[in-house]
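Colleague: Structure for this input, please:
(one chain, ligands or ions: 1)
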Amino acid sequence: MKYTAVLVPGDGIGPEVAHATCSILKAANAPIDWVHCLAGVAALDAGEKELLPAATVAAIREHKVALKGPCTTPVGGGFSSVNVAMRKTLDLYGAVRPVRSLVGVPTRFDNVDLVVVRENTEGLYAGIENEITKGVVTSVKVATREACLRIAEFAFQYAAHRNRKKVSVFHKANIMKLSDGMFIRCAREVHDAKFPNIAYEELIIDAACMRLVQDPTRFDVLLMENLYGDVISDLCAGLVGGLGLVPGANLGEHAAIFEAVHGSAPDIAGQGIANPLALTMSAVMMLNYIAEMHGDGALAATATRIRTAYDLALRDGCKTRDLGGTLTTSQFADAVIARLG
Ligand code: NAI
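Modeller: Numbers count the residues shown, from 1 in each chain. Next up, the predicted model:
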């Protein structure tokens, strides 16, 4: 079987880590034909009129699966996030970010294995901001019962499917009684009605952060709204060695975009030293997603071969600079390729 997927390299380190990842997939004979598309500043630089060209959205709609590098968003002004726009336009409402300890990457805890599930379409990321009068601005946090129920259902389905034992909801419903209040009520409702055998807890997010850094091993699936999910994903990345190690998927009913949790890392872009692993891990998630969709056992085996190869590379001490090593992006990719079984 042969499959087509859209490749959006993105900005900053995006093209570098995308190139390394594609070289690993090619060496593993992953049966993927890439449809190359642009988004972000890279699109404007290539002469496109829009940060998110209609052709890119149409290609993802058509091929249903994309691997995407990070896109830059300016701070405190300028254009709105292309990443957020993509998720909303394609209704990719569920972000899944698996965080696990890796042999060869020593951290305070060596058995972290949790998954952040983030609602991707609402919350403060709805982008409704107004200057009411000079010096007074508002940001509107949007929560709909429909989206809260949908992401709760998604998180519990995910937990059940992966044999995960517990879902912890992080919230601030003591302060945001209506929005976060609805989020936890919906999660509770879905749990009680459909997934009573999965353990369930609700934690106020500030205390949850303390517990996460004290002992992340007590957590399994974490469910939260958009902004909290964004912040907690990076916190969790820090628990297992950094942003170079955490992949992600943005999933909807009609399309899926796989991308690392990290951004375009302008501080190291163009130097060939970025860690490509988070995007490679995202590509492995993509292969498993396609394999599951098509019942393709051989493709699932290819995904496992790549995962085993990068696990071995790390175990053997092959590391990029962010992990204390000296390898360049392409040298790390070569080290993975050399270990493909
Ligand atoms: P960032 O994740 O790009 O970088 C944070 C720090 O981690 C930097 O020191 C960077 O060098 C390091 N880092 C990140 N990925 C790395 C990798 N693969 N290998 C080695 N080191 C790595 O976050 P930052 O600086 O807050 O954002 C930079 C830009 O990226 C912003 O424009 C932001 O909006 C955008 N961004 C895009 C995302 C996306 O496309 N999904 C997600 C997060 C941020």
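
Colleague: Now the closest residue in space to Tyr310 that isn't next to it in sequence: which helix or strand?
Modeller: Nearest non-adjacent residue to Tyr310, counting by Cβ to Cβ, 6 or more residues apart in numbering: Val336, 4.9 Å away. Any C-beta I mention is one placed from the backbone N, CA and C, and that applies to glycine too. Assigned by DSSP states H and E, Val336 belongs to helix 329-338.

Colleague: Give me the buried positions along that helix.
Modeller: Thr329, Phe332, Ala333, Asp334, Ala335, Val336, Ile337 (16 or more other Cβ atoms under 10 Å).

Colleague: want to try a markdown table for those, with pLDDT and distance to the ligand as columns?
Modeller: Formatted as a markdown table, those follow (pLDDT from 0 to 100; distance: Cβ to the nearest ligand atom, whole Å):
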| residue | pLDDT | distance to the ligand |
| --- | --- | --- |
| Thr329 | 98 | 8 |
| Phe332 | 98 | 10 |
| Ala333 | 98 | 12 |
| Asp334 | 98 | 17 |
| Ala335 | 98 | 15 |
| Val336 | 98 | 14 |
| Ile337 | 98 | 18 |
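
Colleague: What's the mean pLDDT across stretch 155-163?
Modeller: Confidence over stretch 155-163 (mean pLDDT, whole number) is 98.

Colleague: can you check stretch 268-288 too?
Modeller: 98.

Colleague: ditto for stretch 135-152
Modeller: 97.

Colleague: Start and end of it, how far apart?
Modeller: Using Cα to Cα, to the nearest Å, one end of stretch 135-152 lies 37 Å from the other.

Colleague: Give me the residues contacting it.
Modeller: Contacts to stretch 135-152, defined as Cβ atoms under 8 Å, 6 or more residues apart in numbering, come from residues 93-94, 117, 119, 121-124, 126, 128-132, 176, 178-180, 182-183, 185-187, 189-191, 223, 225.

Colleague: In strands only, show me those residues.
Modeller: Judged by DSSP state E, strands contain the following of these: Gly94, Val117, Glu119, Gly123, Leu124, Ala126, Ile128, Glu129, Asn130, Glu131, Ile132, Leu223.

Colleague: how far away is the fourth one from Ile306?
Modeller: Read it as Gly123. Look at Gly123 and Ile306: by Cβ to Cβ, to the nearest Å, they are 34 Å apart.

Colleague: What count of nearby residues applies to Glu146?
Modeller: Using other Cβ atoms under 10 Å, the number of residues around Glu146 comes to 10.

Colleague: Got the confidence number for the closest residue to the ligand within the chain?
Modeller: Using Cβ to the nearest ligand atom, Gly263 is the residue of the chain that sits closest to the ligand, at 2.3 Å. Listed pLDDT for Gly263 reads 97.

Colleague: Can you tell me the SS state at it?
Modeller: The assignment at Gly263 comes out as coil when based on DSSP: H, G, I helix; E, B strand; the rest coil.

Colleague: how about the strands of the stretch 151-300 of the chain, start to end?
Modeller: 166-171, 199-204, 221-224, 249-251, 256-259 (DSSP state E, counting those that start in this stretch).
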